[in-house]
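[1] Requesting a structural model of the entry that follows:
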Amino acid sequence: MTKETTSFVYVTYIRSTPEKVFEAITKPDVARRYWGHENVSDWNPGSKWEHVRANDQRTVELVGKVVEVSPPTRLVITWANASQASDPSAYSRVTFETEEYEDMVRLTVTHDELVAGSGMANGIKKGWPVVLASLKSLLETGHGLDVFAKPKSA
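    Numbering: from 1, shown residues only. Okay, the predicted model is just below:
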């Protein structure tokens, strides 16, 4: 029996260039500024990538492989919690696509092959919007958002 899967598609428009958006995703020092994590890889197809918490412990939280890379327009990676790295069924896929759109970039992030109702799917649904808002903010203003902020209690 196969598990039901789900996917999420996020689209945002950023006043930037495809090169700068791609660099923000793939360069650890830039990703740290809007994500609080570094995406670490040599970005060659088949290479591993790690999503490393940018703190004193440098905790590897997510892992995967680079599936496809065509700078600055397309990057496809697999994605799993580091604690589930040895379970092939734990992996989902993330596709980043950039497209010039007048004086902006249309960034489409598709996160698919997620097990429906899983903790990862629920986390993705909440995580990507703030990460992408922070990326947009960083590239447009020079300042990312606090992606670890929590809602104020009512």
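[2] For the protein, which segments are assigned as helices?
    In order along the chain, the chain carries the following helices (DSSP state H): 18-26, 28-35, 119-141.
[3] Mean pLDDT and mean neighbour count added to the ones you listed, as TSV?
    Where you see a C-beta, it was placed from the backbone N, CA and C, and this is true even at glycine. What follows is the helices of the chain, written out as TSV (pLDDT from 0 to 100; neighbours: other CB atoms under 10 Å):
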stretch	mean pLDDT	mean neighbour count
helix 18-26	98	20
helix 28-35	96	19
helix 119-141	96	16
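[4] Y101: which of these is closest?
    When the helices of the chain are ranked by distance to Y101, counting by CB to CB, first place goes to helix 18-26 at 9.8 Å.
[5] Give me the contacts around the closest one.
    With CB atoms under 8 Å, 6 or more residues apart in numbering as the test, helix 18-26 has contacts from 14, 30-31, 34, 39, 41, 43, 71-73, 75, 96, 98-100, 105, 107, 135, 138-139.
[6] between that helix and helix 119-141, how many degrees?
    Direction vectors for helix 18-26 and helix 119-141, defined by axes from the mean of the first three to the mean of the last three CA atoms, to 10 degrees, enclose an angle of 140 degrees.
[7] Quick one: residues contacting the residue lying closest to S47 once chain neighbours are set aside.
    If you skip the residues right next to it in sequence, S47 has V66 as its closest partner in space, 4.9 Å away by CB to CB, 6 or more residues apart in numbering. Contacts for V66 (CB under 8 Å, 6+ apart) come out as 41, 43-49, 75-77.
[8] could you redo the last one with a cut-off of 7 Å?
    Taking CB atoms under 7 Å, 6 or more residues apart in numbering as the definition of contact, the neighbours of V66 are 41, 43-47, 49, 77.
[9] Then G64?
    When the contact criterion is CB under 7 Å, 6+ apart, the partners of G64 are 49, 77-80, 91.
[10] Noted, bye for now.
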